[in-house]
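*Asks:* model this:
(chains A and B)
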Amino acid sequence: MQYLVSVIDANTGLATPDEMAAIDAFNDRLEAEGHWVFAAGLESPSTATVIDNRGGEAVFTDGPFLESKEYLAGFWIIKAPDLDVALKLAAEGSKHCNRKVEVRPLLG
Amino acid sequence: MSVIDVREAVTQAHHEEWARVVASLTRRFGDLDIAEEAAAEAFATAVERWPADGVPPNPGTWLTTTANRQAIDRIRRVNKRDGKQKQAQMLYDDDPPVPAGPIEDDRLRLIFTCCHPALAMATRVALTLRMVGGLTVPEIARAFLVQEITMGQRITRAKAKIKAARIPYRVPSAEDLPARVSGVLAVLFLVFNEGYLATGPGTDAVRQDLTAEAIRLTRLIRALMPQDGEAAGLLALMLLTEARRTARVSASGELVPLDEQDRGTWDATLIAEGHRLVRERLAAGVAPGRYQILAAISAVHTSAHDIRDTDWSQVLALYDQLVHLDPSPIIALNRAIAVAELDGPEVALAAVDRLEDKLGTPARSPAGARGADRRRVGHGPRACPRARGAGMLSRGVRPESGLRRGDCGPPRGHSPRPASRSPAISAPARSCRCSSPAATASWSTPAASPVSGPRQGPASRSPLTACRSSPSRASPKHSSKTCTPMRRRSGSSWSCRVS
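*Replies:* Reported below is the predicted structural model:
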């Protein structure tokens, strides 16, 4: 089972060097224990572009699709046998990156 | 067998076997929905067939077998309808279910799944009452004053989340167990408090159906985890509180403060059982958690034949320990009441005044105590602006008869914890309705923000040391309790004899 672990930020900016080091160490552990699928940090929401091509003509809009105080700053996709394991890993992830995270299962 | 006998047999089987049937089916089919529906169908079949066929010699096995067949039939029907060819092998497994024994574990699994921390508190309560308690959705909806459809959706969403997010169906690892058990006990305590401090307009002052259900489920936890001190403590606390139920409500439906209760009407059997559990925990020699301390406080109160016989020094010593586990102002307030009894109201008032600083804004509960204390030191009710209302609250007048429910909420910014609203700490004469569960109140109204879970003080880190006990000598009805609280410089220990 795969879970998306979203990192939620509220204008604290990019990770500090200490946070980056902690995240790297955590990522190594995820890989070593077979939980790693993918992870990435994201540029700020202001760099986003929204595209809507449902009407046959693509409409591009500057900015994120949702303006909010809290936004997605990065994510992990992890493999875990059940939610308990995923929650534990996410709790560690939150600690290492020093931000709130949200766990959501990927459609199986 | 008469119709009434059969009906009683079905009711009894429902009480005794529901959780077992749901738990074993959930394990087998890995799906709470299927388990719940099949269990309900099996009981409906029993209601239909038992009057004619007679009650089977082993109702539990009959119900589990019947439910298993119902579940398999349902899965086959669904698969056929959906035109799916893939049918798991286990679904064709017509072997009789595993007899009782390891199934005990299944019920624990079920409880831990229903009380999973990834579910909102209100959801955990609803799911536990449905899956483990066997209450129907309308019953649960009525109990918590929400619409049936809302409660149904809450339970459905929870089952969907458990399935989709793969909340595991197992007893947590030893490492996680203490925290998860606290979570389960918090759910049961909430159910009990909802019954004990019934909040709904037009509801009875005490909802016996809920307190009884909470006790039944706590007994189950206690039976499944006999080594868990807090489970025993919570059960004792509930029993000692329930024992005073009839004395607690007057003929006109108003709450009667502890000092005015007719102690002769207290249930001696429940008190005896509660005291036994407290003694057992004292004898265990393990640092107690909050429920055990609350139960011990309740044991002190229920040991006194008259309010004047209450051993306040013991009550205070126990509160001193509780404050270490839970520094909340409400515990401190209840402690102040014991101080008032021992050292006089002026000393207690000083403590209450210090509490107000902590609370930020004066809460009604402190005002309640203050109003009461001021009266005692000779100030009229007008001495404190809130004394009239607060005094009324503190004397346990039902809020709806005098104050709006909203007035009883906790101070803003203070996170309420179930233990701080313990019925056991609604100490003498000032059973503060006002410390009534914010949690309960807010999940009675589904639109309110989700309830934060209780913070449990880890017993293992408690500064408390072991307890000493002495064996029982007499029936509690005639018991005398000698409690010798001892304070040490480095912390505190309790030594408490319930004889």
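*Asks:* which stretches of chain A form helices?
*Replies:* A:17-32, A:83-97 (DSSP state H).
*Asks:* Tell me which of the ones you listed sits most buried.
*Replies:* Across the helices of chain A, averaging neighbours per residue (mean count of other Cβ atoms under 10 Å in any protein chain shown) puts helix A:83-97 on top, at a mean of 19. To be clear about C-beta, it is placed using only N, CA and C from the backbone, and glycine gets the same treatment.
*Asks:* Next, find the distance separating the residue in chain A positioned nearest to chain B from residue B:160.
*Replies:* Per Cβ to the nearest Cβ, the residue of chain A with the smallest distance to chain B is residue A:82, at 4.0 Å. With distances taken as Cβ to Cβ, to the nearest Å, residue A:82 is found 16 Å from residue B:160.
*Asks:* OK, contacts around the closest residue to chain A within the stretch 151-300 of chain B?
*Replies:* Closest approach between the stretch 151-300 of chain B and chain A, counting by Cβ to the nearest Cβ: residue B:168, at 4.0 Å. Residues near residue B:168 by Cβ atoms under 8 Å, 6 or more residues apart in numbering or on different chains: A:81-84, B:113.
*Asks:* residues from chain A in reach of chain B?
*Replies:* A:1, A:81-84, A:87, A:103-105 (Cβ under 8 Å from any Cβ of the partner chain).
*Asks:* Greatest separation within those: which pair is it?
*Replies:* Pairwise distances across the residues of chain A next to chain B peak at 16.5 Å for A:81 and A:104 (criterion: Cβ to Cβ).
*Asks:* residues from the stretch 51-200 of chain B in reach of chain A?
*Replies:* So the stretch 51-200 of chain B meets chain A at B:116-118, B:164-168, B:172, B:176 (Cβ under 8 Å from any Cβ).
*Asks:* Could you tell me which of these count as buried?
*Replies:* B:116-118, B:165-168, B:172 (16 or more other Cβ atoms under 10 Å in any protein chain shown).
*Asks:* In terms of model confidence, name the weakest of these.
*Replies:* Lowest-confidence member of these: residue B:172, scoring 89 (pLDDT).
*Asks:* Give me the secondary structure label for that one.
*Replies:* Following DSSP: H, G, I helix; E, B strand; the rest coil, residue B:172 is assigned to coil.
*Asks:* Report how many residues lie close to the closest residue to it other than its chain neighbours.
*Replies:* Excluding the flanking residues, the one nearest residue B:172 by Cβ to Cβ, 6 or more residues apart in numbering or on different chains is residue B:180, at 4.5 Å. Number of residues near residue B:180 (other Cβ atoms under 10 Å in any protein chain shown) recorded here: 18.
*Asks:* Nearest residue to the middle of chain A?
*Replies:* residue A:75 (1.6 Å; Cα atoms, centre = their mean).
*Asks:* tell me the contacts of the residue nearest to that residue when sequence neighbours are not counted?
*Replies:* Counting by Cβ to Cβ, 6+ apart, residue A:75 lies nearest to residue A:6, which is 5.0 Å off, once chain neighbours are set aside. Contacts for residue A:6 (Cβ under 8 Å, 6+ apart) come out as A:72, A:74-75, A:101-102, A:104.
*Asks:* what element comes up after the helix or strand harbouring residue B:74 heading to the C-terminus?
*Replies:* Using DSSP states H and E, residue B:74 sits within helix B:59-81. Downstream of helix B:59-81, the first helix or strand assigned by DSSP H and E is helix B:103-114.
*Asks:* list the buried ones in that following helix?
*Replies:* Neighbour-count burial for helix B:103-114 [16+ other Cβ under 10 Å]: B:103, B:106-114.
*Asks:* Now pLDDT and distance to residue B:10 too, for those residues, in TSV please.
*Replies:* Below are those laid out as TSV (pLDDT from 0 to 100; distance: Cβ to Cβ, whole Å):
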residue	pLDDT	distance to residue B:10
B:103	39	20
B:106	87	22
B:107	89	20
B:108	89	25
B:109	92	26
B:110	94	21
B:111	93	24
B:112	94	28
B:113	95	26
B:114	96	24
